[in-house]
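Chemist: can you look at this prediction? I've put the sequence above it.
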Amino acid sequence: MGILGREAMLAATALPRETVAVPELGGDVIVQGMSGTARDTFEGSMFKQRGKTRELNMQNIRAKLVALCVVDEAGARVFRDEDVPALGLIRADILDRLFSVAQRLSGLREQDIDELGTPSA
């Protein structure tokens, strides 16, 4: 393997996808990994600003990630940000299955999410 240049790095925009069976609903769902910008948006959404302090907000974290990562065949998001509360009400086993795939495809580890809540020195 050689050293990658600028053009090769900037061309790395194809996002990984996986079709996930959801037999409980009678079909499949396409889950796509996030870009760096989308991941920053997701991580930023986990905080509430209260005056000068930032508080970690884990509410609907699974629904938020699934909303960002479930796409149609053309790669367009299926869910809008406004759908997150309703998405959080679906069966936990289905939501967790989709969350786990989105997490893996986006390179998010449990440790990454845990570290977001750790104060920096």
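Modeler: Yes, it's here.
Chemist: which stretches of this structure form strands?
Modeler: Here the chain has its strands, by DSSP state E, at 17-22, 27-32, 47-50, 53-56, 70-71.
Chemist: tell me how far residue 63 lies from residue 6.
Modeler: For residue 63, the distance to residue 6 equals 37 Å [CB to CB, to the nearest Å]. C-beta here means a position set from N, CA and C on the backbone, and glycine is covered the same way.
Chemist: circling back to that earlier point, can I get the strands of the chain in a markdown table with mean pLDDT?
Modeler: Shown next, in a markdown table, are the strands of the chain (pLDDT from 0 to 100):
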| stretch | mean pLDDT |
| --- | --- |
| strand 17-22 | 98 |
| strand 27-32 | 98 |
| strand 47-50 | 82 |
| strand 53-56 | 84 |
| strand 70-71 | 98 |
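Chemist: re the thing from before, give me the more crowded residue out of residue 63 and residue 6.
Modeler: Higher neighbour count among residue 63 and residue 6: residue 63, with 21 against 7, using other CB atoms under 10 Å.
Chemist: does the more buried one touch residue 88 like I think?
Modeler: Yes: the pair residue 63 and residue 88 passes the contact test of CB atoms under 8 Å, sitting 3.8 Å apart.
Chemist: touching both of those two, which residues are there?
Modeler: Taking CB atoms under 8 Å, 6 or more residues apart in numbering as the criterion, residue 63 and residue 88 both touch residue 95.
Chemist: burial measure for residue 60, as a count.
Modeler: So residue 60, with other CB under 10 Å, has 18 neighbours.
Chemist: contact partners for it?
Modeler: Neighbours of residue 60 in contact, by CB under 8 Å, 6+ apart: 84-85, 87-88.
Chemist: which of these count as buried?
Modeler: Among the contacts of residue 60, those classed as buried by neighbour count (16 or more other CB atoms under 10 Å) are 84, 87-88.
Chemist: in helices, which of those fall?
Modeler: 84, 87 (DSSP state H).
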